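K.L.:
Sequence and predicted structure are below.
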Amino acid sequence: MEASFHVRLIATFEPDLATAPADADVVSWLAANHPDFDQFPVRQGGTTVGVLLRQGEVSGKSVRQRMHPLSEELIVSADMPLADLIPLLRENHFRLVLRGNRLDGLVTQSDFLKLPVRMMLFGLITHLELCLRALIRQRRPLPNWLTGLDPKRRREIGKSQLKLIRARFEPDALEFTNFSDVVQVLSNEADLGELFAGDLREIKDLRNDIAHAKTFVGSPEEVAAFVQRFERLQKWIGKITELLKDRQ
């Protein structure tokens, strides 16, 4: 699933890409063009030769003199998985995108808010939740895991299960738990460590941001927090998966 979500799904390419001409006066050009944009690929003829940033002192210079020249650190492939891109944009706000043999795209931190990123993240969080439930089934079969929940939640789960039983279904009570429930049940497992509950609360917050279409990367601090939560999500998917394999 991760491999199917690529940078090309969220990057901006020609003809929608806003570019700056290398020989233009930088002050005049920035004043007259795209005031809401902060990064511009710089073109000499039809070739990208650098990146112009809106920030900083730019008086008395051409775009070429003010731009950041091309370097390997500024370029990603259009086929790079989004999961690999996210950590790269923790500090550097953008990357130029190479599509085939042409450097004709741009991806920025604000692109994290686009639908493909949200879909990938929600899928990964759902995968983690399914792994957590599988671990509960391995270690604390019903009715053992129910004792890890408070009485109110036990009653609510029982009512939901009974409703389907009366409709002649055979539901697994664990299917009626929510994300917080499964975290609570597993929070005392020694091999999950002290960070488990805190990390999973942050992942739950990320899930809620995605589910409610929240703008969760509106500042550098929010970008750093988002990348941290994403890395913790990946870490715990790997950790729980290994624990499941070990018990098998």
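P.N.:
Nice, thanks for sending it over. Every value quoted in this text rests on a predicted model; they were computed, and no experiment measured them.
K.L.:
Which residue ranges of this structure form strands?
P.N.:
Counting by DSSP state E, the chain has strands at residues 12-13, 20-21, 39-44, 47-53, 68-69, 75-77, 94-99, 102-108.
K.L.:
could those go into a markdown table alongside mean pLDDT, mean neighbour count and distance to residue 164?
P.N.:
For glycine as for every other residue, the C-beta is placed from the backbone atoms N, C-alpha and C. As requested, the strands of the chain are arranged in a markdown table below (pLDDT from 0 to 100; neighbours: other C-beta atoms under 10 Å; distance: least, C-beta to C-beta, whole Å):
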| stretch | mean pLDDT | mean neighbour count | distance to residue 164 |
| --- | --- | --- | --- |
| strand 12-13 | 96 | 16 | 47 |
| strand 20-21 | 96 | 20 | 61 |
| strand 39-44 | 94 | 21 | 53 |
| strand 47-53 | 94 | 19 | 57 |
| strand 68-69 | 92 | 11 | 60 |
| strand 75-77 | 97 | 17 | 47 |
| strand 94-99 | 96 | 21 | 48 |
| strand 102-108 | 94 | 21 | 45 |
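K.L.:
In CSV: the ones you listed, plus distance to residue 148.
P.N.:
Converted to CSV, those look like this (distance: least, C-beta to C-beta, whole Å):
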stretch, distance to residue 148
strand 12-13, 48
strand 20-21, 58
strand 39-44, 49
strand 47-53, 52
strand 68-69, 53
strand 75-77, 44
strand 94-99, 44
strand 102-108, 43
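K.L.:
of all these, which lies closest to residue 179?
P.N.:
Closest to residue 179 of the strands of the chain is strand 102-108 (C-beta to C-beta; 29.9 Å).
K.L.:
and the direction of the closest one versus that of strand 94-99, what angle?
P.N.:
Counting by axes from the mean of the first three to the mean of the last three C-alpha atoms, to 10 degrees, strand 102-108 lies at 140 degrees to strand 94-99.
K.L.:
Just checking: what are the partner strands of strand 102-108?
P.N.:
Strand pairing for strand 102-108, determined by DSSP bridges: strand 12-13 (antiparallel), strand 94-99 (antiparallel).
K.L.:
What lies in contact with the longest one?
P.N.:
The contact list for strand 94-99, computed with C-beta atoms under 8 Å, 6 or more residues apart in numbering, reads 7-8, 11, 13, 39, 41, 48, 51, 70, 74-78, 85, 88-89, 103-109.
K.L.:
so that strand versus strand 47-53, what angle?
P.N.:
Going by the same axes, to 10 degrees, strand 94-99 makes 160 degrees with strand 47-53.
K.L.:
Show residues contacting stretch 226-246.
P.N.:
Stretch 226-246 has contacts (C-beta under 8 Å, 6+ apart) with 83, 86-87, 89-90, 112, 121, 124-125, 127-128, 131-132, 134-135, 138, 191-192, 196, 199-200, 202-203, 205-206, 216-217.
K.L.:
Poorly predicted segments of the protein, please.
P.N.:
Scanning the chain for pLDDT under 70 picks out 56-59, 248.
K.L.:
domain parsing for it?
P.N.:
2-108, 115-247 (automatic domain parsing).
K.L.:
which stretches of this structure form helices?
P.N.:
For the chain, the helices defined by DSSP state H cover 26-32, 63-66, 82-88, 115-139, 151-166, 179-186, 196-211, 220-247.
K.L.:
Turn those into CSV, columns for distance to residue 95 and mean neighbour count.
P.N.:
Below are those laid out as CSV (distance: least, C-beta to C-beta, whole Å; neighbours: other C-beta atoms under 10 Å):
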stretch, distance to residue 95, mean neighbour count
helix 26-32, 21, 15
helix 63-66, 19, 19
helix 82-88, 7, 18
helix 115-139, 14, 17
helix 151-166, 45, 13
helix 179-186, 32, 20
helix 196-211, 22, 17
helix 220-247, 14, 16
